[in-house]
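# The amino acid sequence is not available; the structure is as follows:
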């Protein structure tokens, strides 16, 4: 259940094998949840946008493709906290991704946290 973030573009596949169906190309800065450690450099992840699939965690030269998101990063967000949106965010009626969209918040928008999610560490 660790959270990680891509540090370069990452290819996400349906299964662990390289000949598996390509699901998505995840851009740099995508936050992912690690679901399972596979063989070699492979990890099974969950992406909010692309769903569940497999990616490499490191290059052949052992350089990281994803890095762990530190807990302190998420602890800054408390009920009542005021923040500024840094990149476009989709605001929904409820926590689930199947919840109706209210609007998109643009960079520079000031927000106040009124409730923290219970289903996902990032909502």
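Cool, the structure landed. Bear in mind the structure is a predicted one, so any value in this text is a computation, not a measurement. Residues are numbered from 1 along each chain as shown.
# wait, residue 47 sits on residue 30?
Yes. Using Cβ atoms under 8 Å, residue 47 makes contact with residue 30 at a distance of 6.3 Å. All C-beta spots, glycine's among them, are computed from the backbone N, C-alpha and C.
# the more surrounded of those two?
It is residue 30, of residue 47 and residue 30, that has more neighbours when counted by other Cβ atoms under 10 Å, with 22 against 19.
# Okay, the closest residue to that one other than its chain neighbours and residue 45: tell me how far apart.
Closest residue in space to residue 30, ignoring its immediate chain neighbours: residue 6 at 4.6 Å, by Cβ to Cβ, 6 or more residues apart in numbering. Residue 6 is 10 Å from residue 45, where distance means Cβ to Cβ, to the nearest Å.
# Mind listing the shared neighbours of the two?
By Cβ atoms under 8 Å, 6 or more residues apart in numbering, residue 6 and residue 45 have these common neighbours: residue 32.
# These two: which has the busier surroundings?
Neighbour comparison, residue 6 and residue 45: the larger count goes to residue 45, with 27 against 21 (by other Cβ under 10 Å).
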